[in-house]
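# sequence? don't have it. structure:
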C-alpha cells in the first residue's frame, strides 16, 4: 500500500470519526535474531484508558519504548492524532505530547521534586525562574488531579507512591496528552494503587489518553476501557474490556487455557516445624528492621507473609536462611538455631532442613553468568554425589541438573546454558528445583513469581502446594496479595518490622490486609 | 614563629594551592557528570610540557597557555571517546592517559630540545609575571595588615586569580544554571536525563572538556607560573592530591577551595616542619607528604562525615531494554 492511498484513507476517516490519539501501523523491531515486535497495529482512542497486557518478553515494553523514542522501529509508522509522526528520540516524543512513567522511575534521588520536574524542561538558562514557574504549575496540577506532593522534598525521602506521582507530574509539566504507564502498580500498596487509579480516572476525565501496561488481569478489568493482548511480539487481540473476562484474557496471553485459581486441598496441619520468638534484626546502618516478632509454622502449612516491600520481610528471610544476624530465639524441629555465632550460616541451615528461594533471584539465587548445572550445585557443592575425591564430578552434576530440569519443565532443558539466557520463569524454576528437590522440612520462598509469566506462575504455585501436601512447612513472602491469598493457609502481615496481625485467608479480604499493610489496625480504622 | 614567616607560608600556600584547585575543579565537573577521572595528573603533565615548550619556542606565554590547554583537551577528548563513546573502563582509560603523558612529554621534550626531557628555562615574556596590585608597595609598610595585602593578596600571576575566581563561577554554574542541573543529574541518574530528552553523551563530553580546560590551566600554571620551565614528572602527584581534595570536599566547589588551601598549606609549611620534634616525635618529610591522603582516608572511612560520590559515576550509560 502506498503512502498516498494511506493518507487518503486517513483523510476520509478523519471526516467521520475523530482520529485516534495513537495509531501504530505495521511496527516491527528486532534485536539481533530476536523479533521483539512483529507487524504491530493498534489504535488508541482519545480520552480512554487502553490496557496492554502480555507475558514478560511479549514485547510490550519494546513497543512503548519505540513510541517514546528509545528505540527506532525497523518498520512501520506512528500516527499521533492522525498525523504521521517521526519519533527518533525522547525529545520528539515529548514534543508530540507523549509522557512515560517507567517501571523503574527515572528520578534523580538526591534532587528535590521541583528539580526533577524541571530537568530537561527548564524555561531558560538560569535555574531560579524555572523553579518558581514550576512551583506554581505544580500547585495547580496537584489540586486538579489529587497529585499532592511536597515540591521541596528530596526524592529519596518520598514513598514509592509519591515518587510515582512525581513521574506523572513530570509528564504533565511537559504538557503530555498521552500518558504511558509501565507496570505502575508493581511497587504500590493496594491503597496507593487505588489512589493511582483515581488519578488516572481524573486524567481521563480531562481528555488525556492513557496507556496502561500491566500483567495484572485484575487491573485491566478494573480500570481500562479497551485492552490489547500481546504474545510473542505480536498483537493477538484488541477487545473492549466490558466484553471480555480474565479467563479469556489469560488464554489470549498464554495461548492456552490457564488455571487462575490454585487448586488445593484443605491443609493437614502437623507439629510446629519452626517457632520464632521475639526476633529482632538490626541492619548494617544500625536501623532495626525486624522488631521483636513472634510466629510459628507447622508441618503441612503455608504461612504467607504479606506486606509492602521494605518492611522487614527481606531481613526476616535472611536471618532464617542463615546469612543475616538477629537476636531472639528460633527453634527448628525443636532445636534452637544459632543466630549470631559460627553456626549462623546458610550451609548449616541447609543441613538443618531449611531451603531458601531468595526474593531476588538475580542477586542471590543465581550467578547469571554461570551455566545451569553450576547454579544447581550452588550451596550443595558438598553433596557426595557431586564429588569424586577432591574434584567436582561435573558429569554427575550435569546429569542431575538435566533430570531436575526435566521434572520442573525448564525450557530449554540444557544444563550447559548460562542462567542469564533463560527467561525469568525458567530461571525461577531452576532455583526452585535446586531447593525443593533437597526435600527440606522448611522452604523459605520470597517473591516466587516476580517477573515470571503466567504459565510458569501456574507451575510454580503447583509445586509449592505439592510440597505442602507432603507435610512440609513453607514460609511465603510476597508483595502480590493475590498470590498470598491463593496459596496461604495463614497470613501474617508485616509493617515496619512488626507483624500487624495474623489472619485466616477465609476470614479476611484485600481491604483489611491493605490496611494492615499500611500500618493501620483494623480496630482503629 | 615570626610574622614574616607566617606571611611567607601563606603566600606560598596560595601559589601551591592554585594547581590543586584548578585540577580539583576540573575533576569536579567530570565526576559530577559521572565520568571518573584519575587522568588529571596526565593531563596536567601534558599541559605543563606543551605550554613550556611552546612558550620557550615562541617566547609568548599566552601562546604557551593555549598550547597547554590544547594538549590537555586532546587527552580529555581521548578519555571521553574511550569511556563515553566506547563505554570503556574509566579507571583504565585514566591510567593509560597518565602513562601516555609521562612517557610522551619526556620523549618529545628530548627530541625537541635535547635537554634530557626538560624545556629551556623560561624568562620574561615566556613566563607569567606577578601582578602587583595598586598601592601594594606603600601599604606593605602598614604593620600586620600591610603584608597581608601586599604579599598574600597582591603579587601573584593571573592564573592564581583565575583559579580563585573559578570557585564561585563553578558553584554558580553547577547550582544556579540549567546546565549545572543537567550536569549533576547525568552523574546521578543518566536514565532520568535521557528520558527527559537530553543527550547524555553530549552532556558528558561537555563536562569532560571543561575538565580538560581546567587541567590545562593547572598544568600551564605549573610550568610557566610556579616554575620557569618543564622538568619531567613535574606534576609530582598533584593530580592525585587534587582527587583526594575532591573527595575531601565532597564534590563541592567552596569545600574544594578549603581542601586545596589546606593541602597547599601542608605543602607550603612542609619545609618548616620537616625533621622538627613535636612532642618527642620527629616529623619525617614523608609524613607531611602523606597527610593529604591520610586525611582523605579518614573522610572515606566516615570519620569526618560521609563522602558520597555521584551515584552513576564510573559507569558508562547503556540504555536499558
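Yes, it's here. Keep in mind the model is a prediction, meaning the values are calculated, not measured.
# which helix in the chain runs the most residues?
Went with chain A since none was named. helix A:127-145 (DSSP state H).
# try again with chain B
helix B:3-32.
# hmm, that one in reach of chain A?
No - if you take Cβ under 8 Å from any Cβ of the partner chain as the test, helix B:3-32 misses chain A, and the best it gets is 12.1 Å. For the C-beta atoms, the positions are set from N, CA and C on the backbone; glycine is no exception.
# what's the closest non-adjacent residue to residue A:335?
Leaving aside its chain neighbours, residue A:335 sits nearest to residue A:352 (7.0 Å; criterion: Cβ to Cβ, 6 or more residues apart in numbering or on different chains).
# where does the stretch 151-300 of chain A get nearest to chain B, residue-wise?
residue A:170 (7.8 Å; Cβ to the nearest Cβ).
# which positions in the stretch 51-200 of chain B make contact with chain A?
So the stretch 51-200 of chain B meets chain A at B:175-182, B:184-185, B:188-189, B:191-198 (Cβ under 8 Å from any Cβ).
# list the buried residues of stretch B:179-199.
Using 16 or more other Cβ atoms under 10 Å in any protein chain shown as the test for burial, stretch B:179-199 gives B:179-199.
# ignore the last one, stretch A:202-217
Applying 16+ other Cβ under 10 Å to stretch A:202-217 flags A:203-204, A:208-217 as buried.
# end to end, how far does that stretch reach?
22 Å (Cα to Cα, to the nearest Å).
# cool, stretch B:216-230 as well?
End-to-end for stretch B:216-230, by Cα to Cα: 14 Å.
# skipping adjacent residues, who's closest to the closest residue to chain A within chain B in space?
With Cβ to the nearest Cβ as the measure, residue B:196 is the residue of chain B nearest to chain A, at 2.8 Å. In this structure, residue B:196 finds its nearest non-sequential neighbour in residue A:120, 2.8 Å apart by Cβ to Cβ, 6+ apart.
# can you tell me the helix or strand for that neighbour?
In this assignment (DSSP states H and E), residue A:120 forms part of neither any helix nor any strand.
# how about the contacts made by it?
B:182, B:193, B:196-198 (Cβ atoms under 8 Å, 6 or more residues apart in numbering or on different chains).
# bridge partners for residue A:391, pull those for me.
residue A:388 (DSSP bridges).
# dump the residue contacts of residue 130.
Answering for chain A, as no chain was given. With Cβ under 8 Å, 6+ apart, residue A:130 has these contacts: A:118, A:122-124, B:178.
# wrong one, I was asking about chain B
So residue B:130 contacts B:155-157 (Cβ under 8 Å, 6+ apart).
# which residues of the stretch 151-300 of chain B fall in helices?
Using DSSP state H, counting those that start in this stretch, the helices of the stretch 151-300 of chain B run over B:158-176, B:178-188, B:190-195, B:200-221, B:238-248, B:253-273, B:285-300.
# that should have said the stretch 251-400 of chain A, apologies.
A:313-321, A:346-351, A:372-377, A:394-407.
# residue A:100: which of those helices is closest?
Comparing the helices of the stretch 251-400 of chain A against residue A:100 with Cβ to Cβ, the closest turns out to be helix A:313-321 (29.1 Å).
# which elements pack onto the closest one?
strand A:272-282, strand A:288-298, helix A:346-351, strand A:354-357, strand A:442-446, strand A:473-477 (3 or more Cβ pairs under 8 Å, 6 or more residues apart in numbering or on different chains; DSSP states H and E).
# can I get the ones you listed in TSV with distance to residue A:321 and mean pLDDT?
Output for the helices and strands packed on helix A:313-321, formatted as TSV (distance: least, Cβ to Cβ, whole Å; pLDDT from 0 to 100):
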stretch	distance to residue A:321	mean pLDDT
strand A:272-282	12	95
strand A:288-298	14	95
helix A:346-351	6	92
strand A:354-357	4	95
strand A:442-446	6	95
strand A:473-477	10	96
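# now mean neighbour count too, for these, in TSV please.
Shown next, in TSV, are these (neighbours: other Cβ atoms under 10 Å in any protein chain shown):
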stretch	mean neighbour count
strand A:272-282	19
strand A:288-298	18
helix A:346-351	16
strand A:354-357	25
strand A:442-446	25
strand A:473-477	26
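# out of those, which gets nearest to residue A:334?
strand A:272-282 (8.5 Å).
# could you give me the buried positions within the longest helix of chain A?
A:127, A:130-131, A:134-135, A:138, A:141-142, A:145.
# which one of these sits closest to residue B:242?
Ranked by distance to residue B:242 (Cβ to Cβ), those are led by residue A:127 at 27.3 Å.
# for the spatially closest residue to residue A:250 that is not a sequence neighbour, which residues are in contact?
Using Cβ to Cβ, 6+ apart and skipping residues adjacent in sequence, the residue nearest residue A:250 is residue A:258, 4.4 Å away. Going by Cβ under 8 Å, 6+ apart, residue A:258 touches A:247, A:250-251, A:454-455, A:458.
# what's the answer for residue B:4, then?
With Cβ under 8 Å, 6+ apart, residue B:4 has these contacts: residue B:147.
# that's a strand at residue A:230, yeah?
Yes - with DSSP: H, G, I helix; E, B strand; the rest coil as the criterion, residue A:230 is part of a strand.
# next, count neighbours for residue B:101.
A count of neighbours around residue B:101, defined by other Cβ atoms under 10 Å in any protein chain shown, yields 27.
# correct me if wrong: it contacts residue B:48.
No - judged on Cβ atoms under 8 Å, residue B:101 makes no contact with residue B:48 at a distance of 9.3 Å.
# list the contacts of stretch A:194-201.
Contacts of stretch A:194-201 (Cβ under 8 Å, 6+ apart): A:49, A:145-147, A:161, A:164-165, A:168, A:181, A:184-185, A:188, A:210, A:212, A:219, A:222-223.
# err, stretch A:391-408, not the other one
Counting by Cβ under 8 Å, 6+ apart, A:372-374, A:376-377, A:381, A:385-388, A:410, A:413-416, A:429-430, A:432-434, A:437, A:459, A:463 sit against stretch A:391-408.
# what about it, average pLDDT?
When pLDDT is averaged over stretch A:391-408, the result is 94.
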